[in-house]
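> what follows is a predicted protein model with its sequence.
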Amino acid sequence: WFAETEESALVISGITGRINRAVWGPGNRTIITAGEDATIRIWDSETGKLLKESDKEAGHQKAISSLSKSLDWSHFLTGSLDKSAKLWDARTLTLIKTYVTELPVNAVDMSPTLDNVVIGGGQDAMNVTMTDRRAGKFEAKFFHKILQEEIGGVKGHFGPINALAFNPDGKRLFHITLYFDFLYSYSASALGFVLCLCFTLGMLICSMIKPCRFMAIYAILIL
């Protein structure tokens, strides 16, 4: 048993702006951080010493919003408001690939079974009411991990996508937008599509009445 204490086991300092993502590195020997200052840093998890940081020219130019690691932790993917996602070596922090899109990137993930990455985002929620969903570019886009080519997309959102996650079997992709409290599950199942459509229409009505309460009920039903 570990005794509960108010003292921090490790404090990492020297970062400008908010940290949006902090994850363990390979073997939990390092901690990888990324955030508002658009820089990725690797820290020693025992001493808190800065080991590496991303190159400012090759790296992101605006705030990093998301980070997703591969199953073997050999590489990881970052998304940024600079309208790009980048693939990095987890040990050396070497830039491997860059995926360019026309939308600010809020969420990224990598398929556990295929050489595919998915990117989602859209314009800021505060500007959503000023335009329609087509102008907002509320779409999850798929890219080939190696070739960096766009290979497909999933439309249907009415607000910016804020989270993406593949199911461990690689057959389903969950994506969520907080603006309208919708949760989408995309799969090849026609029945699943119909159910998601029914739940989505129901949530559109419910969110206008009691958004928080119906968000919880909807999440349970859809999962």
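Yep, it's here.
> lowest confidence element among the helices and strands of the chain?
helix 211-222 (a mean of 40; mean pLDDT, DSSP states H and E).
> show the model's pLDDT score for residue 187.
pLDDT, residue 187: 47.
> begin at 22 from now on, thanks
Will do, 22 is the new start, and the previous item becomes residue 208.
> now do the contacts for residue 160.
Residues counted as contacts of residue 160 (C-beta atoms under 8 Å, 6 or more residues apart in numbering) are 124, 141, 143, 174-176, 178, 182. Just so you know, the C-beta spots here come from the backbone N, C-alpha and C atoms, and that holds for glycine as well.
> please apply the same query to residue 49.
Contact analysis of residue 49 by C-beta under 8 Å, 6+ apart lists residue 66.
> phi, psi of it?
The phi and psi values for residue 49, taken as degrees, to the nearest 10, are phi 60, psi 20.
> for the one 4 residues further on, same thing?
Main-chain torsions, residue 53, degrees, to the nearest 10: phi -110, psi 130.
> now, which of the contacts of residue 160 sits nearest residue 104?
Here the nearest of the contacts of residue 160 to residue 104, counting by C-beta to C-beta, is residue 124; it sits at 6.1 Å.
> how many other residues sit next to the closest one?
The number of residues packed near residue 124 is 19, by other C-beta atoms under 10 Å.
> residues contacting it?
Applying C-beta under 8 Å, 6+ apart, the residues near residue 124 are 104, 142-144, 158, 160.
> quick one: buried ones out of these?
Buried members of the contacts of residue 124, counted by 16 or more other C-beta atoms under 10 Å: 104, 142-144, 158, 160.
> re the thing from before, show me which of the contacts of residue 160 are buried.
Among the contacts of residue 160, those buried by neighbour count (16+ other C-beta under 10 Å) are 124, 141, 143, 175, 178, 182.
> dump those residues to CSV, plus secondary structure.
Shown next, in CSV, are the buried ones among the contacts of residue 160 (DSSP: H, G, I helix; E, B strand; the rest coil):
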residue, secondary structure
124, coil
141, strand
143, coil
175, strand
178, coil
182, coil
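> identify the residue with the minimum pLDDT among the residues you listed.
Minimum pLDDT across these falls on residue 178, with 61.
> neighbours around the residue nearest to residue 90 when sequence neighbours are not counted, how many?
Distances taken as C-beta to C-beta, 6 or more residues apart in numbering put residue 97 closest to residue 90, at 4.3 Å, once the chain neighbours are dropped. Per other C-beta under 10 Å, the neighbour tally for residue 97 reads 24.
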